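In: When you get a sec, could you give me coordinates for this:
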Amino acid sequence: MDVLTLCQIVEATFVNIYDYVDAMKRKKPVKLFATHAELREDALGTGEDKVVKFDRIYPKPAAKASFFLKALLKEMMSRARRVRRV
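Out: Sure thing, here's the model as predicted:
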């Protein structure tokens, strides 16, 4: 398999990085999402019920430090609508 194909596979993989790391530690299957929208909905909630699950957000600096995890990073909120932790 060539590098371009691997990049395309990773780009099309939608997984919560926190859940992925936890599943690897526990040797359990990880929950995959079919689309970016499903991953975003799981992480951020929907409609009136939008509650960011901060306890399931992997630290961005730690994800960026790992070549593999960095490849899995996806934009979850537009820069204009960032949610601030209180």
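In: what bits of this structure have low per-residue confidence?
Out: 46-54, 77-86 (pLDDT under 70).
In: Quick one: residues contacting the residue nearest the centre of it.
Out: With distances taken as CA atoms, centre = their mean, residue 16 lies nearest the centre of the chain, 3.5 Å away. Residue 16 makes contacts with 31, 39, 42, 43, 56, 58, as judged by CB atoms under 8 Å, 6 or more residues apart in numbering. The C-beta positions use only the backbone N, C-alpha and C, and glycine is treated the same way.
In: Return the member of these nearest to residue 70.
Out: residue 58 (11.1 Å; CB to CB).
In: Three-state assignment for the closest one, please.
Out: coil (DSSP: H, G, I helix; E, B strand; the rest coil).
In: Distance-wise, check the residue nearest to the centre of the chain relative to residue 5.
Out: 24 Å (CB to CB, to the nearest Å).
In: Also residue 60?
Out: 27 Å.
In: which one of these two has more residues nearby?
Out: The neighbour comparison of residue 60 against residue 5 (other CB atoms under 10 Å) goes to residue 60, with 12 against 9.
In: Which residue is the nearest non-sequential neighbour of the more buried one?
Out: residue 73 (7.5 Å; CB to CB, 6 or more residues apart in numbering).
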